[in-house]
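S.K.: Build me a model from this:
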Amino acid sequence: MIKLFKKYPILSIIVFTLVMLLPNLNVIDVSIMEARNFITAREMVDDGNWLLTTMNGEPRYEKPPLPTWLTAISGMLFGLKSTFALRLPAILFIMVIGIYIFKISKIATEDISLSTRNAFIALTSFYIIGITIEAPWDIFTHGFMCIAIYHLFSVFKKEKNYWKHSLLAGCFLGLSFLCKGPISMYALMLPFLLAYGFTFKYKQVKAKAFSFVSILILTFAIGAWWYLYVRFQDPATFNAITQKETSNWSSYNIRPFYYYWSFFVQSGLWTIPAFISLLYPYLKSRVSYLKVYQFSILWTLFAVVLLSIIPEKKSRYLMPVLIPLAINIGFYVDYLIKHFKNMTDKKETIPVYFNFGLIAFIGIAFPILSYVFLKDTISNHLFSYILASVVLFSIGVFILLYLKKKDMSKVFSLTVLFFACVIITALPLTKGFTNEKYNPITGLKAEVKKQGINMYGENYISPEMLWYYGEKIPFISFHDGLDNLPDDDKFGLLTKETFNEKTLTKLEGIYYIKEITTYNINRFPEDSKQYNDRLLNVYYIFERK
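M.R.: Numbering: from 1, shown residues only. Next up is the predicted model:
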């Protein structure tokens, strides 16, 4: 099997991604960003809003529709209520990023082993996986951009027969734009172009001018048509949303210029190798492909600097930096694999022992650590606990053994395996974090239908609540008086807070009001930092007197 994977690296990337991520795809609860996107996908299918996209019946033009189309199609094939089905396209795009990091590395170095390792570093970088939950549409725009960059790299490198690559580069640039606008062009493509120009130089520019123009035309044609369509179909809403989104770049989540300087931490297990890979004076005489190493480090640093210029900053915006950083880390890992056995300088060896020794320690200590945190509920997840403990403990021991032998090839493979096994075996244990007040809303829709009443929302209902409810909930407001109350003699109401005394007195003059329950979809207890008040809603039934 190992020989087969070495012979077919792309197959190994595909199998690794699917085996690592598919088994527990529905374990983690739907996040706020996922909920917004999944609701939009559901309304595409239920209401036919494929172009003028909506969320809870209201226009939602903040994000272009391509990722939502892919999610909606997956939902149609495998079930719109299935978290597995709706997350599947994002997981496939993690695989796409792995494949095209391999292809970009291969076209730059022609080294299959190095390129394969680069792909696996990316696939085991923490935030490349995490972004699919926190901001799932980012993985699509950067996935398409990786494909475009590979074909653009081919256009730059080849002296002839590059027309196919020109057409594909334009198509995938447009598709990236149709996922999240110019985000990936700024965060991934522009740094790539700058880095390429500084290291490899642009050649035959005049001869390839028509190709470059064709790429721009295709990019605009594929990427801009939806924006133009919505602009003419619903101009007032489109302009309002555009102004709000534009103002956020300079007035929302403002952070200092240096906010992203710890970007390498987001690579997770590879944090120390990532930092060392950025020490150009140290590695420039040690790497196998100096020119490509210069390219990858410039690509990484240009991306960080360009993102730092934007006043609005969020941790998730750094995700595209991890793509060139994976290539950069690969050069350091390649150096360790080839030379670590002969290293004697403690300045070089101590960081290696510390990084991989720490990973081994986490694996060995996992049975104890997980028991301490989950001892009250571990009996409910005994099989998962035993499986994760045995697997991670064993991998930790083997990492230490091969680290002692200075066999960095084995240490690297075991580190990749460790990351995968954490997701496969340990992730189900997160269900052990319980909240006694947890009360899901998933059964309310059926209950409301059974009673034959309509449901309304007031004050605030989180996107997660709306998603798990399973249907649109029209909103009413009591803040502007009671002139817009529903005509229904009896209806259900979800609200964020209990009514104030003045409003309640007025309402009780019109309705019999019965508080039914409080829906709480917090998995963590109230004393936890992960607890969030917005995941609570009080459910009432109103009946006209």
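
S.K.: Now residue 91: closest residue in space, sequence neighbours ignored.
M.R.: In space, residue 91 comes closest to residue 21 once its chain neighbours are excluded; the distance is 4.9 Å by C-beta to C-beta, 6 or more residues apart in numbering. For every residue, glycine as well, the C-beta is placed using N, CA and C.

S.K.: whoops, residue 517 was the one
M.R.: residue 539 (5.4 Å).

S.K.: The one you found: how many residues sit nearby?
M.R.: Neighbourhood size, residue 539 [other C-beta atoms under 10 Å]: 20.

S.K.: where along the stretch 401-545 of the chain do the strands fall?
M.R.: 454-458, 490-495, 511-520, 536-544 (DSSP state E, counting those that start in this stretch).

S.K.: Send over the shortest one as PDB, restricted to the C-alpha atoms.
M.R.: Once non-C-alpha atoms are left out, strand 454-458 reads as follows in PDB (Å, rounded to 0.1, in the frame of the first residue of the first chain):
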ATOM      1  CA  ASN A 454     -47.700  29.400  12.600                       C
ATOM      2  CA  MET A 455     -44.300  30.300  14.100                       C
ATOM      3  CA  TYR A 456     -42.900  33.800  14.400                       C
ATOM      4  CA  GLY A 457     -39.600  35.200  15.800                       C
ATOM      5  CA  GLU A 458     -39.000  38.300  17.800                       C
END
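
S.K.: from what I can see residue 269 touches residue 359, true?
M.R.: Yes - here residue 269 lies in contact with residue 359, judged by C-beta atoms under 8 Å, at a distance of 6.1 Å.

S.K.: if I look at those two, which residues touch both of them?
M.R.: Residues touching both residue 269 and residue 359 by C-beta atoms under 8 Å, 6 or more residues apart in numbering: 415, 418.

S.K.: So what sits opposite the residue nearest to residue 517 in the bridge?
M.R.: residue 494, residue 517 (DSSP bridges).

S.K.: measure it to residue 461 for me?
M.R.: 11 Å (C-beta to C-beta, to the nearest Å).

S.K.: Mind listing the shared neighbours of the two?
M.R.: residue 494.

S.K.: At the geometric centre of the protein, which residue do we find?
M.R.: Centroid-nearest residue in the chain, with C-alpha atoms, centre = their mean: residue 131, separated by 1.8 Å.

S.K.: which residues touch the residue nearest to that residue when sequence neighbours are not counted?
M.R.: Of all residues not flanking residue 131 in the chain, residue 319 sits nearest, at 4.6 Å (C-beta to C-beta, 6+ apart). Applying C-beta under 8 Å, 6+ apart to residue 319 gives the contacts 127-128, 131, 135, 138-139, 142, 266.

S.K.: TSV for the residues you listed, including secondary structure and distance to residue 338?
M.R.: Formatted as TSV, the contacts of residue 319 follow (DSSP: H, G, I helix; E, B strand; the rest coil; distance: C-beta to C-beta, whole Å):
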residue	secondary structure	distance to residue 338
127	helix	28
128	helix	26
131	helix	32
135	coil	37
138	helix	35
139	helix	33
142	helix	31
266	helix	27
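
S.K.: can you map out the helices along the stretch 1-150 of the chain?
M.R.: Ranges of helices in the stretch 1-150 of the chain, per DSSP state H, counting those that start in this stretch, are 2-7, 9-21, 32-47, 66-78, 83-109, 112-123, 126-134, 137-157.

S.K.: what about residue 405, how many neighbours?
M.R.: Residue 405: 11 neighbours (other C-beta under 10 Å).

S.K.: and if you look at residue 537?
M.R.: Neighbours around residue 537, by other C-beta under 10 Å: 27.

S.K.: you'd agree it is up against residue 497?
M.R.: No - here residue 537 does not reach residue 497: they are 9.4 Å apart, not a contact under C-beta under 8 Å.

S.K.: any chance of the strands of the stretch 401-545 of the chain in a markdown table, with distance to residue 473 and mean pLDDT too?
M.R.: Shown next, in a markdown table, are those (distance: least, C-beta to C-beta, whole Å; pLDDT from 0 to 100):
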| stretch | distance to residue 473 | mean pLDDT |
| --- | --- | --- |
| strand 454-458 | 4 | 93 |
| strand 490-495 | 7 | 94 |
| strand 511-520 | 12 | 92 |
| strand 536-544 | 10 | 93 |
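
S.K.: okay, those strands in JSON lines with distance to residue 466 next?
M.R.: Shown next, in JSON lines, are the strands of the stretch 401-545 of the chain (distance: least, C-beta to C-beta, whole Å):
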{"stretch": "strand 454-458", "distance to residue 466": "8"}
{"stretch": "strand 490-495", "distance to residue 466": "9"}
{"stretch": "strand 511-520", "distance to residue 466": "12"}
{"stretch": "strand 536-544", "distance to residue 466": "10"}
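
S.K.: Which of these sits closest to residue 258?
M.R.: Closest approach to residue 258 among the strands of the stretch 401-545 of the chain (C-beta to C-beta): strand 536-544, 37.0 Å.

S.K.: and the angle for that closest one with strand 511-520?
M.R.: 160 degrees (axes from the mean of the first three to the mean of the last three C-alpha atoms, to 10 degrees).

S.K.: Just name whatever secondary elements strand 536-544 is in contact with.
M.R.: Applying 3 or more C-beta pairs under 8 Å, 6 or more residues apart in numbering; DSSP states H and E, one finds that strand 536-544 makes contact with strand 490-495, strand 511-520.

S.K.: Of those strands, which stretch is the most buried?
M.R.: Of all the helices and strands packed on strand 536-544, strand 490-495 has the most neighbours on average by mean count of other C-beta atoms under 10 Å, namely a mean of 20.

S.K.: Packing partners of that strand?
M.R.: helix 444-451, strand 454-458, strand 536-544.

S.K.: circling back to that earlier point, in contact with the residue nearest to residue 91, which residues?
M.R.: 91, 94, 129, 423.

S.K.: again with residue 510
M.R.: For residue 510, the contacting residues are 482, 485, 544-545, by C-beta under 8 Å, 6+ apart.

S.K.: Could you rerun that using 7 Å?
M.R.: If you count contacts by C-beta atoms under 7 Å, 6 or more residues apart in numbering, residue 510 has them with 544-545.

S.K.: List the backbone torsions phi and psi for it.
M.R.: With angles defined as degrees, to the nearest 10, residue 510 sits at phi -110, psi -40.

S.K.: So residue 153 is in contact with residue 107, correct?
M.R.: Yes - contact criterion C-beta atoms under 7 Å: residue 153 and residue 107 qualify, at 5.7 Å.

S.K.: Look at the two and report which has more neighbours.
M.R.: residue 153 (20 against 17).

S.K.: Wait, residue 215 touches residue 169, no?
M.R.: Yes - when contacts are counted by C-beta under 7 Å, residue 215 is listed as touching residue 169 (5.2 Å).

S.K.: Compare neighbour counts for those two and give me the winner.
M.R.: residue 169 (27 against 24).

S.K.: got the contact list for the more buried one?
M.R.: 148, 151-152, 155, 215.

S.K.: Who wins on neighbours among these?
M.R.: Ranked by neighbours (other C-beta under 10 Å), the contacts of residue 169 are led by residue 148, which has 29 neighbours.

S.K.: So for it, what's the pLDDT?
M.R.: You'll see residue 148 listed with a pLDDT of 98.

S.K.: which ones are touching it?
M.R.: Applying C-beta under 7 Å, 6+ apart, we find residue 148 in contact with 169, 172-173, 176.

S.K.: Including secondary structure and distance to residue 369, could these go into CSV?
M.R.: Formatted as CSV, the contacts of residue 148 follow (three-state DSSP; distance: C-beta to C-beta, whole Å):
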residue, secondary structure, distance to residue 369
169, helix, 47
172, helix, 43
173, helix, 45
176, helix, 40
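
S.K.: so which of the residues you listed comes closest to residue 449?
M.R.: residue 176 (41.3 Å).
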